[in-house]
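# A structural model of the following input is requested.
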Amino acid sequence: MKQRILPIFIPQYACPFNCIFCNQKTISGEKEEVSLDRIKRQIEQGLKINSDEDVELAYYGGNFTAIDMTFQERLLELANSFERIKSIRISTRPDCIDDERLRLLKLYNVRTIELGIQSMFDDVLNACARGHTAQHSKNAMEMIKKFGFLLGVQVMVGLPKSTPEKDIETAKILTSFSPDIARIYPTLVIEGTYLAKMYQRGEYEPLSLNEAVERCSQIKSIFIEKGVNVIRVGLQPTEEINYNAKVLAGPFHPSFGELVDSEIIFRKVVERLHGKKYSKILFMVHPKNYSKLVGQKKSNITRFKQLFSHAEIEVLYSSEQVGRIKIITESNETVVDISGL
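Just a heads-up that it's a prediction; the model follows:
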């Protein structure tokens, strides 16, 4: 049975290093210090929403397994004291995973562990002051799967020292460890980070929006092809995560995830229709995916018209399955699989 996620943010709590891109208090919007009283109050408030749903409590934004073991137990006991919380998920660092910590998490109903991997290249990790290596990530992923947890991985594209090839290869390496879920984030320059100083000194140039969309679409496609559920692409807009707020530079867009899905659909359609001339192309699409097919400001339709300049292009709503787009031309009928988007 699907459970609603109740996020509790412990921004940068127990982080042993200051990664150059990170300002979790800005990203999460959580300003209060970590305390049992604050967390208990937020859980009680969160459980008042949709009071008949089962809940998975998620400790996000910090390095949960780097917290003092006694306090970890108290946080886990607190979560388990609420009847409607059926499971727990945590986020943490790869170098803070070992047998002792995983045994503790098993005892307290933790179901999912999300790892901040970011890159599988040591020069990129060093440039970001991550304080761990790719081998730490490999070891952690193997242990988490061996203990039977659901494994989540988080990657970032456009970090210092990274390249398109390294970002793509990172995704390919991660799929070999069979993660269950993934998050993909383009690197943003956020106020108060060391990356912001690098940017202001001209030592770091973020990806453009188009570059980030292109790269994230390739990575998401790799994950989907290997059966990994991509649960988030791009940071969620907030009052502070926005231009004219705390984001100084970088490929921020309030609908970044949809831009990525539109790019994937564009490539799939072109791959299916490429090499022929058409007089008419009719797309039949579920209403849920209409905007992804046509693109922001009809950008995909514009590109289709440029590529298939002799064709009349029409898009209609249909009762097709959500994960399919039917394409009808004068010569054939075909279906493009977009499941996972």
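
# residue nearest the centroid of the chain?
R183 (2.1 Å; Cα atoms, centre = their mean).

# Next secondary structure element downstream of the strand or helix carrying that residue?
In this structure, R183 is located in strand 181-186 according to DSSP states H and E. Moving toward the C-terminus from strand 181-186, the next helix or strand (DSSP H and E) is strand 189-190.

# got the buried residues for the helix or strand that that next one is followed by?
Note on strand 189-190: by DSSP H and E, the next helix or strand toward the C-terminus is helix 194-200. For helix 194-200, a neighbour-count test (16 or more other Cβ atoms under 10 Å) marks 194-196, 198-199 as buried. Just so you know, the C-beta spots here come from the backbone N, C-alpha and C atoms, and that holds for glycine as well.

# Sketch out the helices for the protein, chain order is fine.
Secondary structure of the chain (DSSP state H): helices at 24-28, 36-47, 69-80, 99-107, 122-127, 134-146, 164-175, 194-200, 209-225, 256-273, 290-294, 299-307.

# re the thing from before, which one of the buried residues of helix 194-200 is nearest T175?
Using Cβ to Cβ, L195 comes nearest to T175 of the buried residues of helix 194-200, at 27.4 Å.

# So the closest one sits against V189, correct?
Yes. Assessed by Cβ atoms under 8 Å, L195 is found in contact with V189 at 5.5 Å.

# what do the two both touch?
21, 204 (Cβ atoms under 8 Å, 6 or more residues apart in numbering).

# show me what contacts the residue nearest to the centre of the chain?
Counted by Cβ under 8 Å, 6+ apart, R183 has contacts 114, 152-155, 230-233.

# Tell me where the model's unsure across the stretch 151-300 of the chain.
In the prediction, the stretch 151-300 of the chain carries residues with pLDDT under 70 at positions 239-245.

# again, 80 this time
For the stretch 151-300 of the chain, the stretches flagged by pLDDT under 80 are 237-245.

# And for the stretch 1-150 of the chain?
Filtered on pLDDT under 80, the stretch 1-150 of the chain yields the residue ranges 1-2, 12, 14, 16, 24-31, 50-51.

# and S176, how many neighbours?
Per other Cβ atoms under 10 Å, the neighbour tally for S176 reads 10.

# Roughly how far does it sit from S137?
12 Å (Cβ to Cβ, to the nearest Å).
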